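**Q** Sequence first, predicted model second:
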Amino acid sequence: MKPKTFIGLAVGLALSAVVGAAHAFPDGPVTIVVPFPPGGATDTTARLMEPKLAAALGGNVVVENLPGATGAIGAGRVASSPADGQTMIVASLGTFATNPYLQKNLSYDPVKDFDLLTVAVRTPNVLVANPDFQAATVPDLVAAMKANPETVTFANSGTGSSDHLTAALFWQATGTQGVHVPYKGGSAAQTDLLGGHVDVSFQNLGAILTYVQGGQMKALAQTGETRHPMLPDVPTLKELGYADVVVNSWQGVAAPAGLPAETRTKLNEAIQASLKDPAVVAEFNKLGFEVVANSNEEFATYLTEEMARWKGVIDKAGIQPE
């Protein structure tokens, strides 16, 4: 072999090795950003996924909580991260579907700035009250709200969250108006509900199931299409005559837009494997969550539908961007 040919071959092999290394995934720990405090549904989703996801990727996976602004702070951080698969986000309906209509100068676009990977899980919301609250049924609650307008306090995990907008939808359907009391995350809202500082709340089933079963909260209704098997005695709002108040709280998984094809494929396969693992499914079901694990395309279609639906609710309620 001629010297120049040998040198050219060596350089070519070296460059190939560098390119291959540059596209290696994962190259170090993979971070799942949870844009809410620990303890809520989003945090639970990420932490149940984490062990199996790490096993499927063959590396470390770290969950990092970056709360604030209904998920906007954490989402903005992920949107501006390199599109290399090393950073992902698990976030809620509010972060993906409603923040664009509720926050001025949002630092990310949920459609353009993310590769939407999957809707991980969903669960109906449950209309819960402190045990000492006067109303024991939805008709009781509606009657109380009509008799004393804008006196019943509704806790939620933040402006634009699923629980806030479910309440707004409920007010629109019943011709009532409650007092909107936002918190920084679902766990904080639940704490004040348990303490009797607020009256009622729409919280996702998975977050309040143990409180209802333990008698620390009373469940007035749920927002699923049909009754949930874990709360078989609690009616749906649909069966009570409010057909439009069918709502699922959901958690989606996304990464910065522009993932390399091979990285995206590997990440998709790992996420699907983690969500569909029988042990993980059992844990989610135990908490009242249904594993969805749909495709990238299905998530994109669903997000478009959710954004249109909740924009209508926001516009009708006159909720202004903050």
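**A** That came through fine.

**Q** Now the element after the helix or strand encompassing residue 140, going C-ward?
**A** Element membership for residue 140 (DSSP states H and E) is helix 138-147. Downstream of helix 138-147, the first helix or strand assigned by DSSP H and E is strand 153-156.

**Q** Just list what that following strand packs against, helices and strands only.
**A** The helices and strands touching strand 153-156, judged by 3 or more CB pairs under 8 Å, 6 or more residues apart in numbering; DSSP states H and E, are helix 162-174, strand 179-182, helix 186-194, strand 200-204. Just so you know, the C-beta spots here come from the backbone N, C-alpha and C atoms, and that holds for glycine as well.

**Q** Residue 102 reaches residue 159, doesn't it?
**A** Yes. Taking CB atoms under 8 Å as the definition, residue 102 is a contact partner of residue 159 at 6.0 Å.

**Q** Mutual contacts of those two, please.
**A** 70, 319, 322 (CB atoms under 8 Å, 6 or more residues apart in numbering).

**Q** Take the residues you listed and keep only those in strands.
**A** Using DSSP state E, no member of these sits in strands.

**Q** Turn those residues into a markdown table, columns for pLDDT.
**A** Below are the shared contacts of residue 102 and residue 159 laid out as a markdown table (pLDDT from 0 to 100):
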| residue | pLDDT |
| --- | --- |
| 70 | 82 |
| 319 | 87 |
| 322 | 77 |
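
**Q** Out of those residues, grab the one that's most surrounded.
**A** With neighbours taken as other CB atoms under 10 Å, the top of the shared contacts of residue 102 and residue 159 is residue 70, carrying 29 neighbours.

**Q** these two touch, right, that one and residue 97?
**A** No. Assessed by CB under 8 Å, residue 70 is found out of contact with residue 97, at 10.8 Å.

**Q** between those two, what contacts are shared?
**A** What both residue 70 and residue 97 touch, as defined by CB under 8 Å, 6+ apart, is an empty set.

**Q** can you pull out the helices in the stretch 201-322 of the chain?
**A** Secondary structure of the stretch 201-322 of the chain by DSSP state H, counting those that start in this stretch: the helices cover 205-213, 261-276, 278-286, 296-317.

**Q** before we move on, back to that, sort out which one of the shared contacts of residue 102 and residue 159 lies nearest residue 111 for me.
**A** residue 70 (17.2 Å; CB to CB).

**Q** Quick check: bridge partners of the closest residue to residue 118 other than its chain neighbours?
**A** Leaving aside its sequence neighbours, residue 118 sits nearest to residue 253 (CB to CB, 6 or more residues apart in numbering; 5.2 Å). Beta-bridge partners for residue 253, by DSSP bridges, are residue 90, residue 118.

**Q** Please report the distance of residue 253 from residue 278.
**A** According to CB to CB, to the nearest Å, residue 253 stands 20 Å off from residue 278.

**Q** So which of those two has more stuff around it?
**A** residue 253 (28 against 7).

**Q** Stretch 27-34: how far from the chain's middle?
**A** 18 Å (CA atoms, centre = their mean, to the nearest Å).

**Q** So for that stretch, mean pLDDT?
**A** Stretch 27-34 carries an average pLDDT of 96.

**Q** Also stretch 88-102?
**A** Mean pLDDT, computed over stretch 88-102, is 94.

**Q** what does stretch 239-252 give?
**A** The average pLDDT for stretch 239-252 rounds to 95.

**Q** Just name the shakiest helix or strand of this protein by mean pLDDT.
**A** Taking mean pLDDT, DSSP states H and E as the measure, the chain has helix 3-22 as its least confident helix or strand, at a mean of 45.

**Q** any idea how far residue 204 lies from residue 233?
**A** Counting by CB to CB, the gap from residue 204 to residue 233 is 19 Å.

**Q** Give me the more crowded residue out of the two.
**A** The neighbour comparison of residue 204 against residue 233 (other CB under 10 Å) goes to residue 204, with 34 against 6.

**Q** Grab the nearest non-local neighbour of the more buried one.
**A** Of all residues not flanking residue 204 in the chain, residue 249 sits nearest, at 3.9 Å (CB to CB, 6+ apart).

**Q** Name all residues that make contact with residue 221.
**A** Neighbours of residue 221 in contact, by CB under 8 Å, 6+ apart: 126-127, 138, 234-237, 240.

**Q** hmm, try it at 10 Å
**A** If a contact means CB atoms under 10 Å, 6 or more residues apart in numbering, then residue 221 has 124-128, 137-138, 141, 170, 202, 231, 234-240, 242, 245 as its contacts.
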